[in-house]
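Give me a 3D structure for the following:
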Amino acid sequence: MKEGLERVINRKKRETPPVAAKVTGEIEAKIIALSCGEPPEGYSRWTLRLMEERSKVELGVELSDTTIGGVLKKNTPEI
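Numbers count the residues shown, from 1 in each chain. Got it, this is the predicted structure:
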């Protein structure tokens with residue numbers, strides 16, 4: 001009985017997350033580089049939707065505009 005209670009209280013920590021992250025350091029760097037580049041012809045600046053479309057083509061990874069926004073926000077220095 002004691003072993004069962006002790007096992008419940010002190011659970012073993014998970015070694016890997018339940019779902020692997022889609023955004024690696026390499027993909028983050030490519031998203032940042034894309035945002036620093038020139039926007040497509042006909043646009044004055046990058047939007048998250050444009051970056052979402054471009055990431056599917058250039059990076060071969062389907063990321064939502066919300067995910068891309070999170071990457072950019074995480075890497076933007078505070079003013």
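
can you give me the strands in this protein?
With DSSP state E as the definition, the chain shows no strands.

Can you pull the poorly scored residue ranges out of it?
Across the chain, residues meeting the criterion (pLDDT under 70) sit at 1-3, 79.

all helices for it, in order.
2-9, 25-36, 48-58, 65-74 (DSSP state H).

how about the spatially most central residue of the chain, what does it touch?
The residue lying closest to the centre of the chain (CA atoms, centre = their mean) is V23, at 3.9 Å. Residues near V23 by CB atoms under 8 Å, 6 or more residues apart in numbering: 31, 63, 67, 71. Where you see a C-beta, it was placed from the backbone N, CA and C, and this is true even at glycine.

repeat for L34
Applying CB under 8 Å, 6+ apart, we find L34 in contact with 46, 51, 54-55, 58.

burial count for M51?
The number of residues packed near M51 is 21, by other CB atoms under 10 Å.

G60 versus that one, what's the distance?
Per CB to CB, to the nearest Å, M51 is found 14 Å from G60.

for R45, same thing?
R45 is 24 Å from G60, by CB to CB.

If anything else comes up later, I'll come back, but that's it for now.
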